[in-house]
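*Asks:* sequence and computational prediction follow.
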Amino acid sequence: MTSATTNRVNATTWSIGLSVLMTAVGILAIGLPQIASIAVTQVVAWLLVLSGALHVAFAWRSGHAAAVIWEILLGLAYGAVGMYVMGRPFAGVASLALAVTLYLVVEGVLEVILSLRLRPAPGAGWLLVDGVITLALGAVIGRTWPSSAPWVLGTMVGVSMFFSGISRVMFSLHARRIPA
């Protein structure tokens, strides 16, 4: 075996291992969606706190006093929301589920409009299908919100991780077979 082949096999072995782990965590998140929803919410809360700290830290680079004040206020707002979500994770789950619902509805509407504008183009029908499914998913979650909130985030993240893991395993197996 050449060193390039050995390096590729080593890299794809790690990729396959991590992808299998990602798939397993995705299955776990699908099986325990409430716990996964809380975990996702806590990650978002920490990101808000970190973002707030960075806004405050970089406020001094804004140039003039008004910009510094606004950056500090923005940083404090980010930090306060992050701390609030950390302290009240169930409220955070409900809020994030509502945000996801709104995102899906807007994305679905925009994809339907885009598909209609591109209608004569080949493949525009797939955009329409994607838009309708996305819109329907947003509507289903929205109709059952807030009772759907505890399972929505965890299930969606789990499904995403599951399919990402599977696709990465398949990609890595394919990459392993490419001749050197």
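*Replies:* Arrived safely.

*Asks:* spatially nearest residue to residue 60 (excluding sequence neighbours)?
*Replies:* Spatially, and ignoring its direct neighbours in sequence, residue 60 is nearest to residue 68 (6.2 Å; CB to CB, 6 or more residues apart in numbering). Just so you know, the C-beta spots here come from the backbone N, C-alpha and C atoms, and that holds for glycine as well.

*Asks:* gap between the one you found and residue 167?
*Replies:* 45 Å (CB to CB, to the nearest Å).

*Asks:* what ranges does the protein have for its helices?
*Replies:* Assignment of helices within the chain using DSSP state H yields the ranges 3-31, 33-58, 65-87, 89-117, 124-144, 149-176.

*Asks:* and the first one, what does it pack against?
*Replies:* Of the remaining helices and strands, those touching helix 3-31 by 3 or more CB pairs under 8 Å, 6 or more residues apart in numbering; DSSP states H and E are helix 33-58, helix 149-176.

*Asks:* re the thing from before, surely the residue nearest to residue 60 and residue 56 touch.
*Replies:* No. Look at residue 68 against residue 56 with CB atoms under 8 Å: they stay out of range, at 9.8 Å.

*Asks:* turn the helices of the chain into JSON lines, columns for mean pLDDT and mean neighbour count.
*Replies:* Below are these laid out as JSON lines (pLDDT from 0 to 100; neighbours: other CB atoms under 10 Å):
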{"stretch": "helix 3-31", "mean pLDDT": "85", "mean neighbour count": "15"}
{"stretch": "helix 33-58", "mean pLDDT": "93", "mean neighbour count": "18"}
{"stretch": "helix 65-87", "mean pLDDT": "92", "mean neighbour count": "15"}
{"stretch": "helix 89-117", "mean pLDDT": "89", "mean neighbour count": "17"}
{"stretch": "helix 124-144", "mean pLDDT": "86", "mean neighbour count": "16"}
{"stretch": "helix 149-176", "mean pLDDT": "83", "mean neighbour count": "18"}
